[in-house]
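Novice: Sequence plus predicted model, see below.
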Amino acid sequence: RHTPLRPLAVSQPNRVVAFDKVLNDAQHHRQTNTVAFPENTNGVGRVVVTLRLDATPKGIDPWDRLANLYLYDDSGERFEILRWITPYRKAWEWKADVTDFLPLLKGKKKLEASCGPYAEGWLVTVTFDFYPGRLERVPYKVVNLWSGAPPIGLADQPVEKFFVPRTVDVDRECTGARFRSVVTGHGMEPNTDNAGEFHPLWRKLHVNGQTWQNNLWKEDVYLNPCRPQCGTWKFDRAGWAPCDLVTPWAVDLESL
């Protein structure tokens, strides 16, 4: 005799809507909103952001575009929460774990969705789901190290002048740290053959005498679940793919 299984009790997340089908087209490159996140995040075990692009009444942008989701803290400092590349003339939806940003996802915050289409664009929806649970590692501070778009290949603007060494004070309560780098290559000049987009480059992280190396190159673009698309969606690229949430290069630094 089999004992009937009782349904498991699944806790529903606390959902916060940041953007609800806001228009992002040639006339609307930047949308902002003040979002009311939970005042207290004790008991939160995971935060998942859902990003959805829907067709506008006039259609969908035919090209792949660089796009960003930014959060501004109480001092006005800007933090990049997500970076994505839009698909060629398609709607799509992504989910990403953003628990590392939990210290910023409290109280009222200004959010900005930024993308520069030259045609129809998309309707953009962004939601945050706060799932109850227990964190083994509790993030308590997010520190910006470098933020911007440095050129590569200009003799009079060496990239070393952008990535200057940084000293980060470590609080006594800190038991570990995680380095996150979100980088994508774009553009044609000054290199030839679209090297900004189609040229792999190594990158190194130096921390307290230790070094980590990573290649800025995405080799599985043809496996993109959003397929087929229009355009050159199959080609490997410098850290990204059309219709792709950019994956951070993450390095855990507990041993330092």
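Specialist: Looks like it came in fine. Residues are numbered from 1 along each chain as shown.

Novice: Show me where the chain has its helices.
Specialist: 195-198 (DSSP state H).

Novice: Dead centre of it: give me the residue that sits there.
Specialist: The residue lying closest to the centre of the chain (Cα atoms, centre = their mean) is residue 82, at 2.1 Å.

Novice: Identify the bridge partners of that one.
Specialist: residue 69 (DSSP bridges).

Novice: how near is it to residue 27?
Specialist: As judged by Cβ to Cβ, to the nearest Å, residue 82 and residue 27 stand 23 Å apart. All C-beta spots, glycine's among them, are computed from the backbone N, C-alpha and C.

Novice: do the same with residue 34
Specialist: 22 Å.

Novice: cool, and residue 105?
Specialist: Residue 105 is 30 Å from residue 27, by Cβ to Cβ.

Novice: Kindly tell me how buried residue 200 is, as a neighbour count.
Specialist: 15 (other Cβ atoms under 10 Å).

Novice: which of the residues in stretch 178-192 are buried?
Specialist: For stretch 178-192, a neighbour-count test (16 or more other Cβ atoms under 10 Å) marks 182, 183, 184, 185, 191 as buried.

Novice: between those, which is nearest residue 229?
Specialist: Lowest distance from residue 229 to the buried residues of stretch 178-192 (Cβ to Cβ) belongs to residue 184, with 17.6 Å.

Novice: give the contact list for that closest one.
Specialist: Residue 184 makes contact with 66, 83, 85, 216, 238, 239, 240, 246, according to Cβ atoms under 8 Å, 6 or more residues apart in numbering.

Novice: Present the residues you listed as a markdown table; the columns should include pLDDT.
Specialist: Output for the contacts of residue 184, formatted as a markdown table (pLDDT from 0 to 100):
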| residue | pLDDT |
| --- | --- |
| 66 | 95 |
| 83 | 97 |
| 85 | 96 |
| 216 | 93 |
| 238 | 92 |
| 239 | 93 |
| 240 | 94 |
| 246 | 95 |
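
Novice: Just put these in a markdown table and tack on distance to residue 134.
Specialist: Putting the contacts of residue 184 into a markdown table (distance: Cβ to Cβ, whole Å) gives the following:
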| residue | distance to residue 134 |
| --- | --- |
| 66 | 36 |
| 83 | 29 |
| 85 | 34 |
| 216 | 35 |
| 238 | 38 |
| 239 | 33 |
| 240 | 34 |
| 246 | 29 |
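
Novice: Next, the contact list for residue 44, please.
Specialist: Neighbouring residues of residue 44 by Cβ under 8 Å, 6+ apart: 38, 99, 102, 130, 131, 132, 133, 135.

Novice: Can you report how many residues neighbour the closest residue to the fourth one other than its chain neighbours?
Specialist: It stands for residue 130. In this structure, residue 130 finds its nearest non-sequential neighbour in residue 14, 4.3 Å apart by Cβ to Cβ, 6 or more residues apart in numbering. Residues within reach of residue 14, counting by other Cβ under 10 Å, total 15.

Novice: how close does residue 14 get to residue 135?
Specialist: Look at residue 14 and residue 135: by Cβ to Cβ, they are 15 Å apart.

Novice: now do residue 98
Specialist: Noted for residue 98: a distance of 13 Å to residue 135, by Cβ to Cβ.

Novice: Who has more neighbours out of the two?
Specialist: Neighbour count, other Cβ under 10 Å: between residue 98 and residue 135, residue 98 has more, with 18 against 13.

Novice: Cheers, nothing more for now.
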